[in-house]
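> 3D model of this:
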Amino acid sequence: MSKSAIVIGGGITGLTLGWALQRAGRSVTVLEKNAQAGGAIRTIKRDGYLAEAGPNSLLVNSVVLDNFFRGLGLGPQMQKPTEAAKNRYILHEGEFCATPSGPMSALNTPLFSLSAKLRLLGDLFQSKPDRLREESLARFVERHFGPEVLEYAVNPFVGGIYAGNPGKLSAQHAFPMLAEAENEAGSVIRGMIKRRKAKRARGETFKSYSLSFKDGLQELPDTLARKLGAALKLSADIQSVEPTDAGWSVTWQDAEGAAHTETAADLYLTVPAHALGKLALPSDVSDALEPLSLIEYPPVASVALGFDRQQIEHPLDGFGGLIPEVEKRKALGVLFSSTLFAGRAPEGKALLTVFVGGARQPELAEKPAEEIQAIALREVNHLLGVTGDPEFTEVTVWPKAIPQYNVGYGDFLETMSAAEARFPGLHLLGNYRGGISVGQCIVNGAAAVEPLG
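Predicted coordinates:
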C-alpha cells in the first residue's frame, strides 16, 4: 500500500510535488491558504493587456523541463520570445547599451574599458586556488575578472535574477556553476568550456530558451491545479500540525469554517522559509526550523505600465534593460514585455515592466503604491524617452520576494537536513533550497518523488 502525503503550500513547488505524488499512485492532499494556487505566479489580464505580477518568464534549460510542460498538455500554449527580443541591454553612462552576444562584440562593447577587457582575458591564465573557501560573489568576480565586470555585468545581472547584492550573495551557493568551473580548471572561462565539451560528449545538445504561455505564466499553476482536482484544498487555514505514530496529522479549516483532519506518512512543507514560523507546528519542530527565519527576503515591486507606442522613443528592440548599481538609478531594470512575448499589449500599444527595490534599495519597495508607480514612470521617462501618462498600470509589491543565498547559506542547509533527520516524514522544499528559479522549483518538486525524465 502506497504511503499517503500532505503538502502544505500550493505554490509551484507544492503543485508540482502534489502532481508527482499523484502520478506515483500516492494519496495526496495539497493545502493552500489562499483562494488561488500558484504563489508568486500571477497573470493580470485587463483592457487588452496581459501583465505578470511575479515572474515574467521561465528558463527551460533541459529537455526534461521541455517534456514536463508538453506532458502537462501545455505544448500548444508554449510561447518563446519574439525574434525582436534577442537583444539585451545594460545601462551604461545613462544610455542602454546592447550586451555582447559573442567574442567579437565583447571586444568592441563600450561597457568595458580596454584594460577591463584585458583583465577579463587574464582569467584564462589563473590556476586552481590552494584552498577553496566560501566567498561573496563580488569577491569571486573581482578576483577572476576585475571590478568593471563586477559593476557592469555581474551587478545588474544579480539585480535582475535575485534582486540581490553581489557583495552578500555566496558565489558557491548562489552561482555554483562558477565555483565548480574554478574548481575544475582554475580559470572560470576554461572551466565553462570544459563543462560544455563534456556535455556535448554526452550527447547533451539541448539549447536553453525562455518560455511563457499564450495566456501568461499563470497557465502553468492553473493546469497543475486542474490535474490535482479535489486533492487541492484552497483557502485552507492550518489549525494544527502534530506528529503521530503513523506520521503526521494536520487539521485545517476551509473557507466555510468547517474543520478537517487528515493523517499521512509524509508531511511536505513548501511554504517560503519566512512563513514556516507562522505555521501551527509543534514547538520542537518550530524551534528546529527557527534559524531559517533569518534567510533574507528583500522586498520587490513590479510595476506594469501600458502606453501608446508613439509615447515611447526607444525602439524597444529587445528583452529589456538591466541597471547597474553604479548608475545611481531607482530601478533594478525594465522589461520590454510586449516585445518579449506576443499578445501582451493591444495593437499599437506597448507594455513595460519596471522592477523597484530589492536588496539594493529595499526602502523604495516599501513606499505606497502610488509613489512606487511615480518612481517607475520617472525611470522610463529618463531611460526610454517615455512621455505622457500610461493608460494601463498595475503595481504589485512582494514584501518578501526572493530568498537570498548569502555567504553563510550553508548553515541554513545544515539546519534543514538536521530537521528532516530528526523528524521522520518531514520534508522541506521551496525556492529557498536548491535554486530560486521556477524551473528549478519544478525539478526539485518532482525529484522529491522521482527524478523528472
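> Show me what counts as buried in the helix or strand hosting residue 67.
Assessed by DSSP states H and E, residue 67 sits inside helix 63-71. Going by neighbour count (16 or more other Cβ atoms under 10 Å), the buried part of helix 63-71 is 64, 65, 66, 68, 69. C-betas here are computed from N, CA, C, even on glycine.
> now that helix, how far from the chain's geometric center?
19 Å (Cα atoms, centre = their mean, to the nearest Å).
> again with stretch 256-274
Using Cα atoms, centre = their mean, the offset of stretch 256-274 from its chain centre is 24 Å.
> Go through it and flag the buried ones.
With burial defined by 16+ other Cβ under 10 Å, the residues of stretch 256-274 counted as buried are 264, 265, 266, 267, 268, 269, 270, 271, 272, 273, 274.
> before we move on, what about stretch 417-431?
Neighbour counts over stretch 417-431 (16+ other Cβ under 10 Å) mark 419, 423, 425, 426, 427, 428, 429, 430, 431 as buried.
> Let me have those in TSV, extended by pLDDT.
Conversion of the buried residues of stretch 417-431 to TSV gives the following (pLDDT from 0 to 100):
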residue	pLDDT
419	98
423	97
425	96
426	97
427	98
428	98
429	98
430	97
431	97
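> Looking at those, which are in helices?
When the buried residues of stretch 417-431 are checked against helices (DSSP state H), the matches are residue 419.
> Export the buried residues of stretch 417-431 as CSV, with columns for distance to residue 24.
What follows is these, written out as CSV (distance: Cβ to Cβ, whole Å):
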residue, distance to residue 24
419, 24
423, 22
425, 16
426, 19
427, 14
428, 19
429, 16
430, 20
431, 23
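> Narrow the buried residues of stretch 417-431 to those in strands?
426, 427, 428 (DSSP state E).
> Enumerate every residue touching residue 321.
Contacts here follow Cβ atoms under 8 Å, 6 or more residues apart in numbering; on that basis residue 321 touches 88, 89, 90, 91, 96, 333, 334, 336, 383.
> Neighbour-wise, give me the winner out of these.
residue 334 (28 neighbours; other Cβ atoms under 10 Å).
> and that one, how far is that from residue 11?
When distance is defined by Cβ to Cβ, to the nearest Å, residue 334 is 26 Å away from residue 11.
> next one: residue 357
Using Cβ to Cβ, we find residue 357 at a distance of 21 Å from residue 11.
> Format the buried residues of helix 63-71 as a markdown table; extra columns: pLDDT and distance to residue 369.
Formatted as a markdown table, the entries for the buried residues of helix 63-71 read as follows, by pLDDT from 0 to 100; distance: Cβ to Cβ, whole Å:
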| residue | pLDDT | distance to residue 369 |
| --- | --- | --- |
| 64 | 90 | 39 |
| 65 | 93 | 34 |
| 66 | 93 | 37 |
| 68 | 94 | 35 |
| 69 | 96 | 33 |
